[in-house]
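Enquirer: What follows is a predicted protein model with its sequence.
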Amino acid sequence: MCPHLNGDSLPNDPSQMVAVDLSNGTNGTAVHASSVKTNGANGHANSINARAQELQRRNPYAPRASDFLSNVSNFKIIESTLREGEQFANAFFDTKTKIAIAKALDAFGVEYIELTSPAASEQSRRDCEAICKLGLKCKILTHIRCHMDDARIAVETGVDGVDVVIGTSSFLREFSHGKDMAYITKTAIEVIEFVKSKGIEVRFSSEDSFRSDLVDLLSIYQTVDKIGVNRVGIADTVGCANPRQVYDLVRTLRGVVKCDIEIHLHNDTGMAIANAYTALEAGVTHVDTSVLGIGERVGITPLGGLVACLYAANPEYVKSKYNLPMLREIENLVAEAVEVNVPFMNPVTGYCAFTHKAGIHAKAILNNPSTYEILKPEDFGLTRYVSIGHRLTGWNAVKSRVEQLGLKLTDDEIKDATAKIKELADVRTQSMDDVDSLLRVYSSGIQSGELAVGQKEALDRLLRMHREHTTTRPSSPPPA
Ligand SMILES: CC(=O)SCCNC(=O)CCNC(=O)[C@H](O)C(C)(C)COP(=O)(O)OP(=O)(O)OC[C@H]1O[C@@H](n2cnc3c(N)ncnc32)[C@H](O)[C@@H]1OP(=O)(O)O
Ligand SMILES: O=C(O)CCC(=O)C(=O)O
Ligand SMILES: [Zn+2]
């Protein structure tokens, strides 16, 4: 039986854990230089520079110009589980599941949901229409090739906007669609103007941006910005970019276009969350995510990980935007739909995300959770645990359990009992029930005078008697 205090449970075997409720603990919240939204107009960038230089003159530790470009506290999520996520090898979402996921994401508070192209199949088109009719708070987008045939189908579905994409790297120009930059630019203009004429949002994105020629990229982005695209998108389609490259490209683009900038980052080298954070620092306004990061190959920036990272930067802002306690439910919903487990090391919902083990950690956590926690479990509707029944435990952790059990032991007695727990845990990990029995036997031995600190043999005898009693006692008859 899980011995936690407030009825929550871990998805794993919690028998060695004890939950600690320190809701009145003094978790620190990071303080952040305020950020201003910039639309990248050069005049604006210059005035930010002048303001920052003035601040720096007065105080060298004052925010720099780059800090004012940051959108770490001013961003929108484009949730693409129902588009990129459907490209995950294991994914098959029937209509009911798509609707459940869309509703859950909307209740969580994402600003946009991106859906598979209605050109993909007849059912994809019908599902897109069905989700548009749900009346969700968030905006619904669909994602199409840069082609008039796809655009004509997309605008008839009832979406709030269309995300248009075409590869600009030499790899994709040669081996995917075979079109040159002149053709891409001409078609992009045609598609964007068509979608705009329907009165809905349109975004233009270059696929494989980080392996595209910078002059080609900036020139097509500038062209589509001039004709009034709502957003341009940068895509690290193969997951090759590092944070420095992301920062440089976004920052350069920020100086070239006035419209919003979206970023889409694959996680092939494990950089997707770091790259998304860096992209926000450099001024992107929209970040693509999927639940658990599912997508092509190893997928993209995961919703939960990104939210955790941005919460660490500005908890109040993130809490005000998103229903954080829903994260676990959404991840479980998607994990079940695509038949995978939530990874053990997942931020926030990984099965030991809020479990503290080593004695040194446990003592400090019990005094103040901020010592070893950057995320507050209670903000995500979760519980903090301290694991006790192992050889790395310490007397402070044991003392907290003694107090929870309502036992009366002095510190010396607790240290003595801790030594016994360690001795037993050197042989095998002790469950919480094992620890509790030991503490109860120890305490009753002390109260009855059968035991004093350091009487190892007497304690062994009492434990042996307790074990024999509990294992040989005949089971009680069932209640009448
Ligand atoms: C990086 C990304 O994740 S982008 C999004 C990926 N999403 C999808 O692919 C959605 C699901 N896809 C599908 O259902 C199908 O691939 C469809 C309906 C889009 C196209 O199917 P098909 O016509 O059978 O073509 P197929 O998939 O074999 O090849 C892609 C075609 O699109 C063209 N193409 C590829 N990318 C683009 C683009 N961004 N813009 C315009 N055309 C493109 C290719 O040249 C090729 O054309 P072809 O028929 O002249 O050879
Ligand atoms: O449309 C986009 O921005 C991204 C498309 C995509 O999935 C990718 O390039 O990986
Ligand atoms: Zn992608």
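Expert: Noted; the coordinates are in hand. Numbering: from 1, shown residues only. Ligands and ions are numbered 1, 2, ... in the order given.
Enquirer: what does the stretch 101-250 of the chain put close to ligand 2?
Expert: When proximity is defined as Cβ under 6 Å from any ligand atom, the stretch 101-250 of the chain approaches ligand 2 at His143, Asp163, Val165, Ser205, Glu207, Gly233, Ala235, Thr237. Where you see a C-beta, it was placed from the backbone N, CA and C, and this is true even at glycine.
Enquirer: these two touch, right, the fourth one and Val165?
Expert: Yes - at 4.5 Å, Ser205 counts as touching Val165 under the criterion of Cβ atoms under 8 Å.
Enquirer: quick one: common contacting residues for the two?
Expert: Gly233, Ala235 (Cβ atoms under 8 Å, 6 or more residues apart in numbering).
Enquirer: the more surrounded of these two?
Expert: Using other Cβ atoms under 10 Å as the criterion, Ser205 and Val165 rank with Ser205 on top: 27 against 21.
Enquirer: Can you verify that one is assigned to a strand?
Expert: Yes - judged by DSSP: H, G, I helix; E, B strand; the rest coil, Ser205 forms part of a strand.
Enquirer: what ranges do the strands span in the stretch 1-150 of the chain?
Expert: Taking DSSP state E, counting those that start in this stretch, the strands of the stretch 1-150 of the chain run over residues 17-20, 76-79, 112-115, 139-145.
Enquirer: Check these for me: which has the lowest mean pLDDT.
Expert: Among the strands of the stretch 1-150 of the chain, strand 17-20 carries the lowest mean pLDDT, a mean of 62.
Enquirer: show me what contacts Ser205?
Expert: Counting by Cβ under 8 Å, 6+ apart, Ser205 has contacts Asp163, Val164, Val165, Ile166, Val232, Gly233, Ile234, Ala235, Glu262, His264.
Enquirer: So the chain: which segments form each domain?
Expert: Annotated domains of the chain cover 67-338, 355-470 [the TED database].
Enquirer: Give the full set of residues in contact with the residue of the stretch 301-450 of the chain found nearest ligand 2.
Expert: Relative to ligand 2, the nearest point of the stretch 301-450 of the chain is Thr301 (11.1 Å; Cβ to the nearest ligand atom). Taking Cβ under 8 Å, 6+ apart, we find Thr301 in contact with Leu265, Asn267, Ala272, Ile273, Asn275, Ala276, Val287, Asp288, Thr289, Ser290, Gly293.
Enquirer: Pick the one among those residues closest to Val386.
Expert: The closest of the contacts of Thr301 to Val386 turns out to be Ile273 (Cβ to Cβ; 27.4 Å).
Enquirer: ok, that closest one touching Pro302?
Expert: Yes - counting by Cβ under 8 Å, Ile273 touches Pro302, with 7.1 Å between them.
Enquirer: Switch the contacts of Thr301 over to a markdown table; also include pLDDT and secondary structure.
Expert: Below are the contacts of Thr301 laid out as a markdown table (pLDDT from 0 to 100; DSSP: H, G, I helix; E, B strand; the rest coil):
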| residue | pLDDT | secondary structure |
| --- | --- | --- |
| Leu265 | 99 | strand |
| Asn267 | 98 | coil |
| Ala272 | 98 | helix |
| Ile273 | 98 | helix |
| Asn275 | 98 | helix |
| Ala276 | 98 | helix |
| Val287 | 99 | strand |
| Asp288 | 99 | strand |
| Thr289 | 99 | strand |
| Ser290 | 99 | strand |
| Gly293 | 98 | helix |
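Enquirer: Could you single out the nearest of those to ligand 1?
Expert: Asp288 (10.7 Å).
Enquirer: give the contact list for the residue lying closest to the closest one once chain neighbours are set aside.
Expert: Closest residue to Asp288 apart from its sequence neighbours, by Cβ to Cβ, 6 or more residues apart in numbering: His264 at 4.2 Å. Residues near His264 by Cβ under 8 Å, 6+ apart: Ser80, Glu84, Ser205, Gly233, Ile234, Ala235, Asp236, Thr237, Asp288, Ile300.
Enquirer: Inside helices: which ones of those residues?
Expert: Among these, no member falls in helices (DSSP state H).
Enquirer: ok, and which of those residues reach ligand 1?
Expert: Okay, of the contacts of His264 touching ligand 1 (Cβ under 6 Å from any ligand atom), that's Thr237.
Enquirer: neighbour-wise, which of the contacts of His264 leads?
Expert: Ile300 (34 neighbours).
Enquirer: list the contacts for Tyr221?
Expert: Contacts of Tyr221 by Cβ under 8 Å, 6+ apart are Phe204, Ser206, Val232, Leu253, Val256, Val257.
Enquirer: Just name the closest of those to Phe175, please.
Expert: For those, the nearest to Phe175 is Ser206 (15.9 Å; Cβ to Cβ).
Enquirer: OK, contacts around that closest one?
Expert: Contacts here follow Cβ under 8 Å, 6+ apart; on that basis Ser206 touches Val165, Ile166, Gly167, Thr168, Ser212, Leu217, Ile220, Tyr221, Gly233, Ile234, Ala235.
Enquirer: buried sites along stretch 241-260?
Expert: By 16 or more other Cβ atoms under 10 Å, the buried positions in stretch 241-260 come out as 241, 243, 246-247, 249-251, 253-257, 259-260.
Enquirer: just to revisit the earlier point, most neighbours per residue, which of the domains of the chain?
Expert: With neighbours defined as mean count of other Cβ atoms under 10 Å, the domains of the chain peak in mean count at domain 67-338, which reaches a mean of 20.
Enquirer: Need the distance between the two termini of it.
Expert: 39 Å (Cα to Cα, to the nearest Å).
Enquirer: chain center to that domain, what's the gap?
Expert: Distance of domain 67-338 from its chain centroid, counting by Cα atoms, centre = their mean, to the nearest Å, is 17 Å.
Enquirer: what helix or strand does the closest residue to Gln222 other than its chain neighbours sit in?
Expert: The shortest distance from Gln222 to any non-neighbouring residue, by Cβ to Cβ, 6+ apart, is to Val256 (5.6 Å). Using DSSP states H and E, Val256 falls within no helix or strand.
Enquirer: Just read off the phi/psi values of Val256.
Expert: phi -110, psi -30 (degrees, to the nearest 10).
Enquirer: please renumber so the chain begins at 28
Expert: Sure, I'll start counting at 28 from here, so that last one is Val283.
Enquirer: May I have the helix or strand hosting Val345 as CSV, with CA atoms only?
Expert: Using DSSP H and E, Val345 falls within helix 342-348. C-alpha atoms of helix 342-348 as CSV (Å, rounded to 0.1, in the frame of the first residue of the first chain):
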residue,chain,number,x,y,z
PRO,A,342,6.5,30.1,-13.6
GLU,A,343,3.8,32.7,-13.2
TYR,A,344,3.5,33.4,-16.9
VAL,A,345,3.3,29.7,-17.8
LYS,A,346,0.8,28.9,-15.1
SER,A,347,-1.4,31.8,-16.2
LYS,A,348,-1.5,30.4,-19.8
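Enquirer: same for that helix, what does it pack against?
Expert: helix 330-340 (3 or more Cβ pairs under 8 Å, 6 or more residues apart in numbering; DSSP states H and E).
Enquirer: Quick one: residues in contact with the helix it packs on.
Expert: Taking Cβ under 8 Å, 6+ apart as the rule, helix 330-340 contacts 57, 59, 99-100, 102, 104, 106, 108, 137, 299-300, 303-304, 307, 314, 316-320, 344-346, 349, 351, 354, 357-358, 373-376, 401-402, 406.
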